[in-house]
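> Fold the following for me, if possible:
(one chain, ligands or ions: 1)
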Amino acid sequence: MTETDFAVRVRGLVKRYPDKVAVGGVDLDIHRGEVFALLGPNGAGKTTTTEVLEGYRQADEGEISVLGTDPAHADRAWRSRIGIVLQTSRDEAESTVSELVRHYASYYPNPRDPDEVIAAVGLEDKRKTRPRKLSGGQRRRLDVALGVIGNPELLFLDEPTTGFDPEARRQFWTLIENLRTGGTTILLTTHYLDEAEHLADRVGVIADGRMIEVGTPETLGGRGARTARVSWSDADGPHELRTDQPTAEVAALMARFGGEVPELEVRRPSLEDIYLDLIGKASATAAADVEAIEAGAL
Ligand SMILES: Nc1ncnc2c1ncn2[C@@H]1O[C@H](COP(=O)(O)OP(=O)(O)OP(=O)(O)O)[C@@H](O)[C@H]1O
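A predicted model of the protein is given here:
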């Protein structure tokens, strides 16, 4: 891979606040055209990391390249190539949805068509509504519209579907899939593991300011190799076993029952199971480090 295959390259990112190391040496590569999900508990350092990438915060240490430029020294032309959807929505004055999207479009050299964007986020019937009269979920859709109107090469989405109803989330996922198909690189921060699983090509888990694992949703934490659980019921009650060969177990159960197996279920660890496992291990390691420091061992 060459430098130009990367939308984001980060080596050794450190960001300190007066009383806290928020990011303690993070490496991160995001390939052009991929959807990358950043996961981690509250306070892990996700927002700080993305704000450095967006050029809103200065790193204390590290090499950072976003679309080939250090965001700390970026100009207006670079800014027009990225799109940002923040956690908190902007409070806009008296414009309607349609006016606002058009107004934002005028800031960019190569914007998308405002009507198409409004339709893509499902706000067609709210075009003449003022933002403060939108519901929370509709407001987020407007935020997404404003984030993508400039036709960005790289889109930052910070917890985009918080407050969405299930149908709105599905529609939003379709919107993201369409952006990805159109070639937009996306960095997504989310607390919804199903969202990461559905949308992301790769996932990075950050805990306590450190990137503890990066992988595809299918293979993170050795997920693909983990044993499956097969469960069923019979006259003695529920049963469960763990196996590397669930298909063979199901075939054996079918033979034993002569067909339908009561309450049959085959389950592999979900991304959420794996994530909680990784986070649990990370906090146990951090606690052991603190104990060692207190005991003078480190
Ligand atoms: N402006 C600031 N001044 C001091 N400390 C800060 C500041 N911003 C964030 N922090 C601290 O840095 C750490 C990382 O915060 P950050 O917002 O990056 O976490 P996060 O992973 O985005 O969390 P969340 O999931 O809750 O949004 C936290 O301990 C937080 O309290």
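
> What distance do you get for E54 to H239?
E54 is 52 Å from H239, where distance means C-beta to C-beta, to the nearest Å. For every residue, glycine as well, the C-beta is placed using N, CA and C.

> Compare these two and say which is more crowded by neighbours.
For E54 versus H239, the count of surrounding residues by other C-beta atoms under 10 Å is larger for E54: 20 against 12.

> hang on, isn't that one packed against L67?
No - using C-beta atoms under 8 Å, E54 is not in contact with L67; the gap is 11.4 Å.

> Give me the neighbour count for R229.
15.

> Pretty sure it sits against L241.
Yes - here R229 reaches L241: they are 7.4 Å apart, a contact under C-beta under 8 Å.

> what's near enough to touch R180?
The contact partners of R180, taken as C-beta atoms under 8 Å, 6 or more residues apart in numbering, are G33, E34, V35, I186, L199.

> can you pull the buried residues of the helix or strand harbouring it?
Assigned by DSSP states H and E, R180 falls within helix 166-181. Using 16 or more other C-beta atoms under 10 Å as the test for burial, helix 166-181 gives A168, R169, Q171, F172, W173, L175, I176, L179, R180.

> Spatially nearest residue to the fourth one, not counting backbone neighbours?
Excluding the flanking residues, the one nearest F172 by C-beta to C-beta, 6 or more residues apart in numbering is T161, at 5.5 Å.

> again, but for the third one
Of all residues not flanking Q171 in the chain, G122 sits nearest, at 5.4 Å (C-beta to C-beta, 6+ apart).

> before we move on, what about the second one?
Distances taken as C-beta to C-beta, 6+ apart put T161 closest to R169, at 4.8 Å, once the chain neighbours are dropped.

> Mind pulling up the pLDDT for the one you found?
Here, the pLDDT recorded for T161 equals 84.

> Need phi/psi at it.
Note on T161: backbone dihedrals following degrees, to the nearest 10 are phi -110, psi 10.

> what about it, distance to G137?
Taking C-beta to C-beta, one finds T161 at 8 Å from G137.

> if I look at the residue nearest to F172, how far off is L271?
16 Å.

> Could you list the residues of this protein in contact with the ligand?
Residues of the chain lying close to the ligand (C-beta under 6 Å from any ligand atom) are Y17, K20, A22, G40, N42, G43, A44, G45, K46, T47, T48.
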